[in-house]
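Participant: Build me a structure from this.
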Amino acid sequence: MRQTGDSPYRYLTKIRIEKAKEFLKHSENTIENVAYLVGFASLQRFSDAFKSHVGVSPLQYRKKMSRLADIALENSTTHSTDVSPE
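Facilitator: Numbering: from 1, shown residues only. Prediction:
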């Protein structure tokens, strides 16, 4: 096992939070369902751990990621140019 300097519990929690971030960015699962999918027994424990590790609630994170994706999409369509053959 790789040494991280974290307790086994903290290391596992980090792994769960990273997986939860992926679910929140790329799925339409409810936050409660994401909590259970990554191994938390309750929504409250998940929300507390998520906020502790990420700095925002799971809902705030999902909204922020959605806005960033919208901006990236908008920028990609705004900056595409029609190049006509000469």
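Participant: going forward, measure contacts between C-alpha atoms and count neighbours the same way
Facilitator: OK.
Participant: Pull the contacting residues for residue 34.
Facilitator: 20, 23, 24 (Cα atoms under 8 Å, 6 or more residues apart in numbering).
Participant: Can you list which of those residues are found in helices?
Facilitator: Under the assignment DSSP state H, the contacts of residue 34 contribute 20, 23, 24 to helices.
Participant: Identify the residues contacting the last one.
Facilitator: In this structure, residue 24 makes contact with 31, 34, 58, 61, 62, judged by Cα under 8 Å, 6+ apart.
Participant: which residues touch residue 73?
Facilitator: Contacts of residue 73 by Cα under 8 Å, 6+ apart: none found.
Participant: Report pLDDT for it.
Facilitator: With respect to pLDDT, residue 73 has a value of 76.
Participant: buried sites along the helix or strand where it lies?
Facilitator: For residue 73, the host element (DSSP states H and E) is helix 58-78. For helix 58-78, burial by neighbour count (16 or more other Cα atoms under 10 Å) applies to 58, 61, 62, 65.
Participant: which residues does the second one contact?
Facilitator: Read it as residue 61. 21, 24.
Participant: Relative to residue 52, how far out is it?
Facilitator: The gap separating residue 61 from residue 52 is 13 Å, by Cα to Cα, to the nearest Å.
Participant: same thing with the last one?
Facilitator: In this structure, residue 65 and residue 52 are separated by 18 Å, where distance is defined by Cα to Cα.
Participant: where does stretch 31-51 sit relative to the chain's centre, distance-wise?
Facilitator: Stretch 31-51 has its C-alpha centroid displaced from the chain centroid by 12 Å (Cα atoms, centre = their mean, to the nearest Å).
Participant: Tell me the secondary structure of residue 29, please.
Facilitator: Per DSSP: H, G, I helix; E, B strand; the rest coil, the secondary structure class of residue 29 is coil.
Participant: Count the residues that sit near the residue lying closest to it once chain neighbours are set aside.
Facilitator: Among residues not flanking residue 29 along the chain, residue 23 sits closest, at 7.3 Å (Cα to Cα, 6 or more residues apart in numbering). Neighbour count of residue 23, defined by other Cα atoms under 10 Å: 20.
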